[in-house]
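Engineer: quick check, what structure comes out for this input:
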Amino acid sequence: MSEVEKQDLKNKVVRQDVEKTHPCQKCGACCASFRVSFYWIEAESYIENSVPQKFIEDLDLNTRCMKGTSHKHQPKCAALSGRVGENVGCTIYNNRPSPCRNFKASYESGYQEIRCDEARSKHGLKPLTKLEWK
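Structural biologist: Below you'll find the predicted structure:
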């Protein structure tokens, strides 16, 4: 294989990686299905990458939650942008709380995640499969 052919192949692989969208960026169902509660310290301004104050609500003395997620029947995180099931993003991605950081999409780590499937179902979306991660 010539150097030009090698470079063409490398460029093709890079383009495919860039073009592939993470399944969560077309979903957002978890952000509009569950209450996102976390320990108060995650929202303290002196903590690096803390959750911005304008996006939190106090639940009790020790617990905060993301605004919008405490609505019992139609939770939706105030930091979620876009339309669930189409094209979404977290406006505070680098500052999101631990429940968001720890939430796994089905088969993202090779295993089915029931909470992801449950959230997707609430919004009329099919569960993710192993194929979405290839």
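Engineer: now the helices for the protein?
Structural biologist: For the chain, the helices defined by DSSP state H cover 3-19, 98-102, 114-122.
Engineer: weakest of these in terms of mean pLDDT?
Structural biologist: Comparing mean pLDDT over the helices of the chain, the weakest stretch is helix 3-19, at a mean of 51.
Engineer: quick one: low-confidence parts of this structure?
Structural biologist: 1-19 (pLDDT under 70).
Engineer: quick one, strands of it?
Structural biologist: Using DSSP state E, the strands of the chain run over residues 37-39, 56-58, 63-66, 80-83, 87-90.
Engineer: mind listing residues that contact the first one?
Structural biologist: Right, the one you point to is strand 37-39. 51, 59, 62-65, 69, 97-99 (C-beta atoms under 8 Å, 6 or more residues apart in numbering). In short, each C-beta sits where N, CA and C put it, glycine included.
Engineer: quick one, which of those are buried?
Structural biologist: Among these, those classed as buried by 16 or more other C-beta atoms under 10 Å are 51, 64-65, 69, 97, 99.
Engineer: which ones are touching the most centrally placed residue in the chain?
Structural biologist: In the chain, the C-alpha nearest the mean C-alpha coordinate belongs to Cys24, at 5.7 Å (C-alpha atoms, centre = their mean). By C-beta under 8 Å, 6+ apart, the residues touching Cys24 are 88, 105.
Engineer: how much space separates it from Cys116?
Structural biologist: According to C-beta to C-beta, to the nearest Å, Cys24 and Cys116 sit 9 Å apart.
Engineer: pretty sure Pro99 sits against Val36.
Structural biologist: Yes: using C-beta atoms under 8 Å, Pro99 is in contact with Val36, at 5.0 Å.
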